[in-house]
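1. let's see this in three dimensions:
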Amino acid sequence: MKSSAKNINLTSVDDLFSTEESRADAGREKVMEIALTELFPFKDHPFKVKDDEAMADTAESIKEYGVLVPAIARPRDEGGYELVAGHRRHRASELAGLETMPVIVRNLDDDAATIIMVDSNLQRENILPSERAFAYKLKLDAIKRKAGRPSKENGSQVGDNLRSVNILSENAPDSARQIQRFIRLTELIPELLDMVDDKKIAFNPAVELSYLKPEEQSNLLEAMDMEQATPSLSQAQRLKKFSAEGKCTLEAMCAIMSEEKKGELDKVTLTSDKLRKYFPKSYTPQKMEETILKLLETWHKKRTQQQER
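-> A predicted model of the protein is given here:
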């Protein structure tokens, strides 16, 4: 009897007096006010947080109304919390002079956190190509790991990779094919990728250039600087072909970049050196341009009058 008595489990006072509603409430996610200093950025976060005009507007809104949508974070082993969604709200809160912000804390593994982080940011407007590229790559790798497939591509994994891309495209603003093209941009060296973000290199040529080896991409930067030109789609395709054939030398790149593009054949270029002798030394380039346009307008009117006679 004594031994059996030891196995009796008594119901706690809390359990006796708690209702089903209160127990359900305890299991719900709660919004917590967490110090901004306790919130840290997500590892390898691909989205840039800039102090631009949009950020200033967000800070003003937060200063007036507060943070209306809580951020999402997960506990860190070393203390504090890792932001999963809400990096811009966190920065705007700092600029607004707040000390805390509302946060939903979830226990998330790396893959689940990555998927939430990417999905919450892809809905934003004006995402840079580099941000979209690395976001898609991070989420694709997470989807493949969750499905039990390694992230590194090889010939035996082509089918699995396509299935993962199709899954990724289901909730994305881009098609599976376009997602693959964006992910190609992650193969560009940082200098070229910055030029894509700055719209100095168009998206389609950039995808072709991503097939060049890193050292070839560095040489391309030099060729572009020497010739003061950026590659068109047809030029990028030839560079890709040269790379596959082992012929993508600096000399070959310079030869391609020195070609006149179709849209430049009728272009007239007047350098300041050519024009300077016709203007006083005090004239700025802008003043020179305004004067040239006025003279051309006068010439055009006079020529039109002569033709009407």
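2. doesn't Met32 fall inside a strand?
-> Yes - the assignment for Met32 by DSSP: H, G, I helix; E, B strand; the rest coil puts it in a strand.
3. can you report how many residues lie near Lys213?
-> Counted with other CB atoms under 10 Å, the neighbours of Lys213 add up to 11. C-beta: built from backbone N, CA, C; applies to glycine.
4. contacting residues around the closest residue in space to it that isn't next to it in sequence?
-> In this structure, Lys213 finds its nearest non-sequential neighbour in Ser243, 6.5 Å apart by CB to CB, 6 or more residues apart in numbering. Applying CB atoms under 8 Å, 6 or more residues apart in numbering to Ser243 gives the contacts 211-213, 216.
5. kindly write the PyMOL command that selects the buried subset of these.
-> Buried members of those can be picked out in PyMOL with the line below, counting by 16 or more other CB atoms under 10 Å:
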select buried, resi 211+212+216
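6. for the protein, which spans come out with low pLDDT?
-> The chain contains residues with pLDDT under 70 at 1-28, 148-160, 261-273, 307-309.
7. quick check, Ala73 in a helix?
-> No - Ala73 is assigned strand when assessed by three-state DSSP, not a helix.
8. so what's it bridging to?
-> Bridge pairing for Ala73 (DSSP bridges) gives the partners Leu83, Val105.
9. save the contacts of Ser243 as TSV, and put in secondary structure and distance to Leu162 too.
-> Formatted as TSV, those follow (DSSP: H, G, I helix; E, B strand; the rest coil; distance: CB to CB, whole Å):
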residue	secondary structure	distance to Leu162
Tyr211	coil	19
Leu212	coil	24
Lys213	coil	25
Glu216	helix	28
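10. relative to Arg132, which of the contacts of Ser243 is nearest.
-> Tyr211 (19.1 Å; CB to CB).
11. so for the chain, the centremost residue is which one?
-> Note on the chain: the residue nearest the mean C-alpha position is Glu131, at 1.2 Å, using CA atoms, centre = their mean.
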